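[1] Would you be able to build a 3D model of this:
(chains A and B)
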Amino acid sequence: MRARKPLDLRQALVVDSITKYFHLPQPPLWKRLLGASADLPEPGQLPKASKGGKEPIAAVDHVSFAVERGEIFGILGPNGSGKSTLVRLISTLLRPDRGSAKVFGIDLAEDEMGVKQLISRVSVDAAFFKKLSPMENLLYGARLYGVTAPEATVKAYEIMGRLGLKRSSFNEPMEEMSRGMQQKVAVARAFLTSPILLLLDEPTTGLDPRSKRDVREFIEELRDSHDATILITTHDMEEADVLCDRVAVIHNGKLAAIGAPEQLKHSGADNGEFSTLEDVFIHLTGEQLVDTEAADIA
Amino acid sequence: MQKLVRRGLSALRLESLQSYAFLARNWHLTRRYWGWEVVWFFYSLTSGLSVVFIAQGAEALTGAAPSFDVNYLTMYLIIGTLIWRYLSSIFMLTSEVIAWERWEGTIEYTLMAPVERWVHLVGQTAYSLIYSLVTTVLIGIAMALFFELDLSSANLAGAAAVVLAGSLSLIAIGIVASILPLLYPERGAQMTEVVQASFLLISGVYYPISVLPDWMESLARFSPVTYVLDGTRAAVLDGATLADLLQFIGPLLVLGAVALPIGLRAFKAAENYAKRAGKLKRVG
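    Predicted coordinates:
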């Protein structure tokens, strides 16, 4: 039993020059299973192409930022910009090729289990056992995080009621629920385990305006009443503007800008200021905001 | 010291709860898919009976009274059918630990939970043992209604010991096979079917391994299924004592003791690789 390093409560998340490549030329499988990695390109150089494979890409390219405790931090970027890859790196689902990330002072590479205990994630697609009911899914998730069934049941009723879910739907299969309702259950599941860093990967995508508002209000409430820090990726510029204390804009895997929404709106235009965060986004990325509900699969 | 014991108990309580999470989840899934359970039961029963009736039809097939004991052959095939049903069910349920998560789209959620992988696998294998045992017993009872079986000289406790010892090895092989869907998101689950089919062919489920070509017979000696079948048949058909059965139980325990830690290490290595290569997505 290894003693855990005490948490550093000053900063929730510190990401330092984190980099992730995909489709690099790989050594043979047996060597990879023994821990061998692909040859990484030198900083600033393009990765070598693999034989007959897909073009190598730097999905996240030397990205650095820090999130203060209690902050709601937004990550904005067009589809394929690397937002979801970044969240998956912080979620321990991917290993970075370069750089590091620390959650409340715990390094992901040194103590993955310690980080897992502090975080929860809601992805763009509600990941559930579709035949099981919301209650069965929530109890499963709660037990994984060490919350007993009686404790979880009380909290689940409270959270699902708060999110406007009808009691009659608690025991029906998830597959009979609308996409919006499923996403609300996903948010409830993340809150059930009281994470102190919540990673929300486009949590309101696919929700109707009323559900979006419910989820947003709940996110703010969680931050205020549960001392949680929230990192959120979104396509919804209005949502980012209203909800986030600071935002980072990512484009082609690189950090293009970082700051408070107001600060960004006042920052770059030659002829004054941008009227909306969307103008900032278009200015920085050179791309129109794609109004799509599709997941960022990068 | 007291503090250490308290921490140990607290960790044990957490790990038990986490293992139970997988067991309870799988039970809920079984309940929700009850229609399929009825289908699998009916399919297993009918396919088993179809094989066993070959023994009963020996006279009709050859046109002469058989020169062998039909009841012995009937029991031989029933044992093969039931043991294979039990062991293949353990193998499949254990090896599908990752495949299920991919089918349901929950792989990222489950693998980012703060659960040690061995705790995860304990939950999954506990379920696979209970499920396989209960369904096989039910199929066995249903099959017994079709034939007059004489178990008066059978050593059923000895047979149970052989089967339990063999379960460990199949769990270990299942864990190793479960790596395939981690490494190959699109074809991994299909590859585990090939592994299972190979065990069926070489392990003497419906015939003695002596009828196999030499090279296949050599392979059969490395299959734990061979030892489970031989041991169970010795206990049920010949009434072999526990001491006699040690020749089967011994190799099975050794295989299990060697293969389990290898399986866990291999799974961990594959998970680390999948995290480096970005293969933990819901789909390939």
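[2] so what's B:V70 up against?
    The contact partners of B:V70, by C-beta atoms under 8 Å, 6 or more residues apart in numbering or on different chains, come to B:55-56, B:58-59. (Each C-beta comes from the backbone N, C-alpha and C, glycine too.)
[3] swap in B:G140?
    B:78, B:82.
[4] Rounded mean pLDDT for the strand or helix carrying it, please.
    Following DSSP states H and E, one finds B:G140 within helix B:117-144. Helix B:117-144 shows a mean pLDDT of 96.
[5] between the contacts of B:V70, which is closest to A:D224?
    B:A55 (73.6 Å; C-beta to C-beta).
[6] helix, strand or coil for that closest one?
    Three-state call for B:A55 (DSSP: H, G, I helix; E, B strand; the rest coil): helix.
[7] which secondary structure element contains the closest residue to it other than its chain neighbours?
    Nearest non-adjacent residue to B:A55, counting by C-beta to C-beta, 6 or more residues apart in numbering or on different chains: B:L73, 3.9 Å away. Following DSSP H and E, the helix or strand that holds B:L73 is helix B:70-95.
[8] circling back to that earlier point, buried ones from the contacts of B:V70, can you make that a PyMOL selection?
    If you want just the buried ones from those in PyMOL, going by 16 or more other C-beta atoms under 10 Å in any protein chain shown, the selection is:
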select buried, chain B and resi 55+56+58
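[9] Format the contacts of B:V70 as TSV; extra columns: distance to A:C244 and pLDDT.
    What follows is the contacts of B:V70, written out as TSV (distance: C-beta to C-beta, whole Å; pLDDT from 0 to 100):
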residue	distance to A:C244	pLDDT
B:A55	73	90
B:Q56	74	89
B:A58	78	84
B:E59	82	83
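[10] From B:G123, how far out is the residue of chain A found nearest chain B?
    Here chain A gets closest to chain B at one residue, A:R143, 3.4 Å apart by C-beta to the nearest C-beta. Per C-beta to C-beta, to the nearest Å, A:R143 is found 10 Å from B:G123.
[11] list residues touching both of these two?
    Common neighbours of A:R143 and B:G123 (C-beta under 8 Å, 6+ apart) are B:18, B:20-21.
[12] Which member of these is positioned nearest chain A?
    Nearest member of those to chain A, counting by C-beta to the nearest C-beta, is B:A21, at 3.4 Å.
[13] tell me which element that closest one is part of?
    helix B:2-32.
[14] Between helix B:117-144 and that helix, find me the angle.
    40 degrees (axes from the mean of the first three to the mean of the last three C-alpha atoms, to 10 degrees).
[15] buried ones in helix B:2-32?
    B:14-15, B:17-26, B:28-29, B:32.
[16] Stretch A:242-258 too?
    A:243-244, A:246-251, A:253, A:255-258.
[17] Which members of those are the farthest-apart pair?
    A:L243 and A:G253, at 24.1 Å, using C-beta to C-beta across those.
[18] Helices of the stretch 101-250 of chain A, start to end?
    For the stretch 101-250 of chain A, helices defined by DSSP state H, counting those that start in this stretch occupy the ranges A:112-116, A:134-144, A:149-162, A:179-192, A:209-226, A:237-243.
[19] what's around the residue of chain A closest to chain B, how many residues?
    Using other C-beta atoms under 10 Å in any protein chain shown, A:R143 has 26 neighbouring residues.
[20] Now do the contacts for it.
    A:149, A:152, B:17-18, B:20-21, B:24.
[21] what does the model give it for pLDDT?
    96.
[22] Next, work out how far apart it and B:L93 are.
    19 Å.
[23] and the stretch 151-284 of chain B, which residues reach chain A?
    B:183, B:266, B:269-270, B:272-273, B:275-278, B:280-282 (C-beta under 8 Å from any C-beta of the partner chain).
[24] top of those residues by neighbour count?
    Neighbour max across these (other C-beta under 10 Å) = B:L280, 23 neighbours.
[25] In a strand, it, correct?
    No: assessed with three-state DSSP, B:L280 is coil; it does not lie in a strand.
[26] That one and A:G146, how far apart?
    B:L280 sits 22 Å away from A:G146, taking C-beta to C-beta as the criterion.
[27] residues contacting B:Q18?
    B:Q18 touches A:143-144, A:146, B:113, B:115, B:119-120, B:123, counting by C-beta under 8 Å, 6+ apart.
[28] ugh, wrong one, I meant B:L111
    Going by C-beta under 8 Å, 6+ apart, B:L111 touches A:93, B:101, B:271, B:280.
[29] What helices and strands are in contact with the worst-scoring helix or strand of chain A on mean pLDDT?
    None of the helices or strands of chain A scores lower by mean pLDDT, DSSP states H and E than helix A:29-33, at a mean of 72. On a contact count with 3 or more C-beta pairs under 8 Å, 6 or more residues apart in numbering or on different chains; DSSP states H and E, helix A:29-33 meets helix B:242-277.
[30] what's the helix it packs on packed up against?
    Under the contact rule (3+ C-beta pairs under 8 Å, 6+ apart), helix B:242-277 is packed against helix A:29-33, helix B:117-144, helix B:156-177, helix B:179-183, helix B:224-237.
[31] for chain B, what are the nearby residues on chain A?
    Residues of chain A lying near chain B (C-beta under 8 Å from any C-beta): A:1, A:20, A:22, A:26, A:29, A:32-35, A:37, A:88, A:91-95, A:113, A:116-117, A:119, A:121, A:123, A:125, A:127-132, A:136, A:139-141, A:143-146, A:148, A:173, A:297.
[32] which of the residues you listed count as buried?
    A:20, A:22, A:26, A:32, A:37, A:88, A:91-95, A:116-117, A:119, A:121, A:123, A:125, A:127-132, A:136, A:139-141, A:143-146, A:173.
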